[in-house]
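**Student:** from the sequence below, what's the structure:
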Amino acid sequence: MSLTLRLWGPLHLLTNASALYLTTNYRADCITSIHQIQVYHTVGFNGTVSLAWYVEPASVTISLGFRYQYLHYVLKDGLSNDWAYSDSKPQPLFEMMNDDHFYGITLAAVYSLEL
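**Tutor:** Prediction:
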């Protein structure tokens, strides 16, 4: 979902938000020949807020903003494992893997042309 608001003259506020769902596969090959594949459900969201300025003589829009993305991992039931040399119960490969946060400043220049 996105929204663009004209603030003043050629200055606009741009916002964007979206939901994410991924199926993520991780594979571990160890020296002991233990092979493990685990499947995670990954859910999250993504959002941006930017100020954009349209420079009419150059047909260029320059935008400066902020982006944030959040991902949460959940171990899928019925995970696939091949423990060739182990009788122990499989454990999650990444015990600490619960959340990822990505964020930063965005800067873009977009040239517009008419066909």
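**Student:** low pLDDT regions in the chain?
**Tutor:** 28-36, 77-97 (pLDDT under 70).
**Student:** partner strands of the longest strand along it, with direction?
**Tutor:** Criterion DSSP state E: the longest strand present in the chain is strand 35-55. Strand pairing for strand 35-55, using DSSP bridges, gives strand 11-29 (antiparallel), strand 60-75 (antiparallel), strand 81-82 (antiparallel).
**Student:** could you say which of these is packed most deeply?
**Tutor:** Mean neighbour count (mean count of other CB atoms under 10 Å) peaks for strand 60-75 among the strands paired with strand 35-55, with a mean of 15. All C-beta atoms are positioned from the backbone trio N, CA, C, and that covers glycine.
**Student:** who's in contact with it?
**Tutor:** 14, 20, 22, 24, 38-55, 92, 94, 97-112 (CB atoms under 8 Å, 6 or more residues apart in numbering).
**Student:** and it, how far from the chain's centre?
**Tutor:** 7 Å (CA atoms, centre = their mean, to the nearest Å).
**Student:** gap between the residue nearest the centre of the chain and Leu75?
**Tutor:** For the chain, the residue nearest the mean C-alpha position is Gln69 (5.2 Å; CA atoms, centre = their mean). Going from Gln69 to Leu75 by CB to CB, to the nearest Å gives 21 Å.
**Student:** list the contacts for the residue lying closest to Thr42 once chain neighbours are set aside?
**Tutor:** In space, and not counting its chain neighbours, Thr42 is closest to Leu22: 4.0 Å by CB to CB, 6 or more residues apart in numbering. Applying CB under 8 Å, 6+ apart, one finds that Leu22 lies in contact with His41, Thr42, Val43, Leu71.
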